[in-house]
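Student: sharing a sequence plus its predicted fold:
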Amino acid sequence: MTIYITDYIQDPDIEKGVLDHKISKNKETAEVLLVWHQAITKEYLKDFPKIKGVVRYGVGYDMVDLDAIKERNIYFCNTPDYGTDEVSDTVIGMLMNIARGITQYDHACKRYEDGTWQENTLPNIKRTSDINFGVIGAGRIGGSILRKAKAIGFNCYFYDPYKDSGYEKMLGVNRTENQDELLKIADIISINTPLTDITRGMVDENFISNMKTGASFINAARGEIVSDIDIFIDPIKNCKLSSIALDVLPQEPPNNSTLISSWKNNEEWISGKVIINPHTSYFSDKAYIEMRTSAAMNAKKIIEGKIPKNIIVTKADD
């Protein structure tokens, strides 16, 4: 009975501690796959005749063919119960940066050569209590973001058609009936939904056109929720959008799109208005260990014939 780690983990020391060293590179004997970025397809699974389950280290599973999993009648689980504070703290950091204009000031003040300094304020900076902050997707991470933003003093709104009526009262925030209503209200929008057939490409030209003029956009969810990163160029240039902050991109590592090239070259029109992180909001030293430990423990349950946690696809006989 062995576990097969498909990719990324070079030294499976954490996994070995949980699984009593039952880790192997033998595809013929592997009963559970631990997956990072590897695409799990019907063809890929053919190499694993004894497979009983697949466990993804992270939350998203757009690279996993769920139909192929069902056809093999095996478990598929993800690992959503880690890094909630790390991701929500990253969004709060981006939110505060946008609200206070920190990177825009950092960029602008390098050009002050006329003896002025403190007088050079950004006219669009508002008091926090006058900023409407909107979250699309109020699940585990979105809810954490809303609670933290409310505590700081933002006026918080969310749209999530999957949350029960009254959920907003538990969070102590406002709720909109539809997405367009939220886009018209919010000065800053944060996307916190999973990547699904519905959300893929959801942020497009029409989405931006429905946003409040001068609003800002944050995405620390999934990159492909944005249809094309270059859709932000004209809205930033013509001040439809004030700024964007992205932890995830439609293509990672990024291709040489116009926006990415301009960002790398620090072109003047960007002027601190575009922030990009390399898909790292999930990470802290403890969260990384927590993620790997949780995934390995779930793999162990499958090997031992127990029902695992965080099941996305279950076995037909369970």
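Tutor: Arrived safely. Residues are numbered from 1 along each chain as shown.
Student: I figured A149 was touching M94, is that so?
Tutor: No: assessed by Cβ atoms under 8 Å, A149 is found out of contact with M94, at 11.1 Å. (Each C-beta comes from the backbone N, C-alpha and C, glycine too.)
Student: quick check: the nearest residue to D47 once chain neighbours are set aside vs A296, distance?
Tutor: Leaving aside its chain neighbours, D47 sits nearest to K27 (4.7 Å; criterion: Cβ to Cβ, 6 or more residues apart in numbering). The spacing between K27 and A296, counted by Cβ to Cβ, to the nearest Å, is 19 Å.
Student: give me the more crowded residue out of these two.
Tutor: A296 (25 against 15; other Cβ atoms under 10 Å).
Student: the more buried one sits in which helix or strand?
Tutor: Assigned by DSSP states H and E, A296 belongs to helix 285-303.
Student: helix or strand right after that helix?
Tutor: Following helix 285-303 in sequence, per DSSP H and E, is strand 311-313.
Student: okay, now the unreliable bits of this protein?
Tutor: For the chain, applying pLDDT under 70 flags the ranges 316-318.
Student: can you give me the helices for it?
Tutor: Assigned by DSSP state H, the chain shows helices spanning 13-19, 42-45, 66-72, 84-100, 102-108, 140-152, 167-171, 179-185, 205-210, 233-237, 258-264, 285-303.
Student: Serialize those helices to JSON lines and add fields for distance to V248.
Tutor: Output for the helices of the chain, formatted as JSON lines (distance: least, Cβ to Cβ, whole Å):
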{"stretch": "helix 13-19", "distance to V248": "25"}
{"stretch": "helix 42-45", "distance to V248": "24"}
{"stretch": "helix 66-72", "distance to V248": "21"}
{"stretch": "helix 84-100", "distance to V248": "10"}
{"stretch": "helix 102-108", "distance to V248": "18"}
{"stretch": "helix 140-152", "distance to V248": "13"}
{"stretch": "helix 167-171", "distance to V248": "24"}
{"stretch": "helix 179-185", "distance to V248": "19"}
{"stretch": "helix 205-210", "distance to V248": "16"}
{"stretch": "helix 233-237", "distance to V248": "18"}
{"stretch": "helix 258-264", "distance to V248": "14"}
{"stretch": "helix 285-303", "distance to V248": "16"}
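Student: ok, now how distant is the residue nearest to the spatial centre of the chain from L241?
Tutor: The residue lying closest to the centre of the chain (Cα atoms, centre = their mean) is A221, at 2.0 Å. Taking Cβ to Cβ as the measure, A221 falls 18 Å from L241.
Student: got it, and K46?
Tutor: Taking Cβ to Cβ, one finds K46 at 46 Å from L241.
Student: of the two, who's got more company?
Tutor: L241 (23 against 12).
Student: count the neighbours of the residue lying closest to that one once chain neighbours are set aside for me.
Tutor: The shortest distance from L241 to any non-neighbouring residue, by Cβ to Cβ, 6+ apart, is to P235 (4.2 Å). Using other Cβ under 10 Å, P235 is surrounded by 19 other residues.
Student: hang on, P235 packs against I208?
Tutor: Yes: under the criterion of Cβ under 8 Å, P235 makes contact with I208 at 5.2 Å.
Student: now the common contact residues for those two.
Tutor: Residues touching both P235 and I208 (Cβ atoms under 8 Å, 6 or more residues apart in numbering): L241.
Student: thought D106 was touching G272?
Tutor: Yes: applying Cβ under 8 Å as the test, D106 and G272 come out as touching, 6.0 Å apart.
Student: neighbour count: the two, which is higher?
Tutor: G272 (19 against 12).
Student: ok, K52 - contacts?
Tutor: K52 touches 31-32, 74-75, 302-303, counting by Cβ under 8 Å, 6+ apart.
Student: having no further points to raise, I will conclude here.
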